[in-house]
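> sequence first, then the predicted structure:
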Amino acid sequence: MFGNSPAFSGYSVDDQVVAKQFYSEVLGCTVDDDWMGLKLTFSNGHTVFIYQKNDHVPATYTVLNFPVESIDAAVDGLVEKGIVMERYDNMPAPQDEKGILRGKDASMGPNIAWFRDPAGNILSVLEN
């Protein structure tokens, strides 16, 4: 039924102006103003819609994953920009001193690390 639909995902933020600055200037994403919010466009053609919601509640799960070639370089770059990596106690393997769960080394999926956008939504960088 929707197999040929150009579907996209979206999530809310509490301040669209702050979100635009974060996603464009801090993360380096292509961000365009849309009549209802922000449109992030990625090199693979995928888009994500971000909209302001006055009663926004941050997602308690990862809303956006950024595949990277080197997770160490990505995490170092995020930390240099002042971003704090998230730490979780309930993971199947421990996170290292950088906040990276080394899933590849433990045969438990990708190497992954989490951080939050200014609205508190959870984002990740991951290396397969």
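Okay, I see it.
> what's the spacing between residue 40 and residue 13?
The spacing between residue 40 and residue 13, counted by Cβ to Cβ, to the nearest Å, is 12 Å. For the C-beta atoms, the positions are set from N, CA and C on the backbone; glycine is no exception.
> those two: which has the busier surroundings?
For residue 40 versus residue 13, the count of surrounding residues by other Cβ atoms under 10 Å is larger for residue 13: 24 against 21.
> how far off centre is stretch 36-45?
Relative to the chain's own centre, stretch 36-45 is displaced by 13 Å; criterion: Cα atoms, centre = their mean, to the nearest Å.
> just use 23 as the starting number from now, easier for me
Got it, first residue is 23 now, which makes that one stretch 58-67.
> so which bits of that stretch are buried?
Within stretch 58-67, the residues scored as buried using 16 or more other Cβ atoms under 10 Å are 59, 60, 61, 62.
> want to throw these into CSV with pLDDT and distance to residue 71?
CSV is the format used below for the buried residues of stretch 58-67 (pLDDT from 0 to 100; distance: Cβ to Cβ, whole Å):
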residue, pLDDT, distance to residue 71
59, 96, 6
60, 97, 7
61, 96, 6
62, 96, 8
